[in-house]
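In: need a 3D model of the sequence below.
(one chain, ligands or ions: 2)
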Amino acid sequence: MEGMNLHSVGQFPAYRPRRLRQSAALRRLVCETQLSAAQLVLPLFVRAGRKVRRPIEAMPGVFQLSPDELLREAARAHEAGVPAVLLFGIPDKKDAKASGAYASNGIVQQAVRLLKRECPELLIVTDVCLCEYMSHGHCGIVHRDRTGVKVLNDPTLKLLAQSAASHVEAGADMVAPSDMMDGRVRAIREKLDALGFTDTPILSYAAKFASAYYGPFREAAESAPQFGDRRGYQMDPANAAEALREVALDIQEGADIVMVKPALAYLDIVHRVKAEFGYPTAAYAVSAEYSMVKAAAANGWIDERAVTLESLLAMRRAGADILITYAATDAARWLKERP
Ligand code: PBG
Ligand code: ZN
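Out: Ligands and ions are numbered 1, 2, ... in the order given. Have a look, this model is predicted:
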């Protein structure tokens, strides 16, 4: 076994692991995995209006926020030590070409400008997808004909690249495509480069699975598909080798950071992605991961803080460098109180 030597089980002198567990100082000395606020990213939902804080029923503590409230929430996170937020927009109007996704005065673009102006040190990452802006809720352009309904890959790339460009023009520090169309990282990289944004990194949702854990998010982002499901573009939860191919492709196309999503049920993927590519790797603890902890905690069945920090630590241990979590602000505070 890795790391074993003569000083091992069945030999003399006997290895007694508990020797190193006798005091807090000793335990800290041999602690293998560090979890800190510097690794956390807080997802936030923005919609039009003023003083709007619309609660998401299945995600206690998470709200759809108007830009002014978004700024307050982002500033709170930043004060707690969270270095970055990930923005999702809920537009007033949806249509069949996702106009709101790439409008220069779209809700995310407005929010980015405000956050950049008022909280310039905070890293602004924007989710790049079309589902929130499409009347049908799919992540790409939908085409219907006699053979059925299709989500078209290549025509969608242009809109994704345009969305990413509009976010960066507004001041976003990094873009995160979550659509799972083939070739989107290249399309976005080429577009950003052509506009002179050669230094803006891409955080790719590289291995994004068609997961039931996204349920509460679709309420939060009002982005549930109106027909069908996302299995034609998101990955089959059964597939691990394919996840590595997806990540390899995104890296070839220019991804700077690769993401695995969801997190806790996919830690084997996180581990393999980190081991295989050694790239900065993000794990996204998605909406239902948050909801399940909140629900059990509300019933008094688990210790919310302990379970949250243990889950985040597990993601780090699996190999994630960056943790995207709705609990980021709380986690950052808890880590400060007792690291
Ligand atoms: C949209 C998107 C989704 C999530 C992030 N971006 C939902 C989906 O693909 O249906 C899920 C996030 C979460 O559940 O917290 N492309
Ligand atoms: Zn989408």
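In: which residues touch the one residue in the chain that gets nearest to ligand 1?
Out: Going by CB to the nearest ligand atom, ligand 1 is nearest to Phe217 of the chain, at 3.0 Å. Any C-beta I mention is one placed from the backbone N, CA and C, and that applies to glycine too. Remark: with contacts taken as CB atoms under 8 Å, 6 or more residues apart in numbering, Phe217 is in contact with 223, 286-288.
In: ok, Asp229 next?
Out: If you count contacts by CB under 8 Å, 6+ apart, Asp229 has them with Ala210.
In: cool, and Leu114?
Out: Leu114 makes contact with 67, 70-71 under the criterion CB under 8 Å, 6+ apart.
In: how much space separates it from ligand 2?
Out: Between Leu114 and ligand 2 the distance, using CB to the ion, to the nearest Å, works out to 24 Å.
In: wait, a helix at that residue?
Out: Yes. Assessed by DSSP: H, G, I helix; E, B strand; the rest coil, Leu114 belongs to a helix.
In: re earlier: tell me which of the contacts of Leu114 fall in helices.
Out: Cross-referencing the contacts of Leu114 with the helices (criterion: DSSP state H) gives 67, 70-71 as the overlap.
In: picking up where we left off before, hmm, the one helix or strand the residue of the chain closest to ligand 1 maps to touching ligand 2?
Out: Element membership of Phe217, judged by DSSP states H and E, is helix 215-221. No. With CB under 5 Å from the ion as the threshold, helix 215-221 lies outside contact range of ligand 2, at a closest distance of 8.5 Å.
In: give the buried residues for the helix or strand following that helix.
Out: Counting by DSSP H and E, the element after helix 215-221 in chain order, helix or strand, is helix 241-253. Of the residues in helix 241-253, those buried by neighbour count under the rule 16 or more other CB atoms under 10 Å are 243-244, 246-247, 249-251, 253.
In: same check, this time on stretch 227-235
Out: 230, 233-235.
In: is that stretch anywhere near ligand 2?
Out: No. Taking CB under 5 Å from the ion as the criterion, stretch 227-235 and ligand 2 are apart, separated by no less than 7.7 Å.
In: how about the buried residues of helix 241-253 in JSON lines, adding distance to Val128?
Out: As requested, the buried residues of helix 241-253 are arranged in JSON lines below (distance: CB to CB, whole Å):
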{"residue": "Ala243", "distance to Val128": "20"}
{"residue": "Leu244", "distance to Val128": "23"}
{"residue": "Glu246", "distance to Val128": "17"}
{"residue": "Val247", "distance to Val128": "18"}
{"residue": "Leu249", "distance to Val128": "17"}
{"residue": "Asp250", "distance to Val128": "13"}
{"residue": "Ile251", "distance to Val128": "18"}
{"residue": "Glu253", "distance to Val128": "14"}
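In: nothing else from me, thank you.
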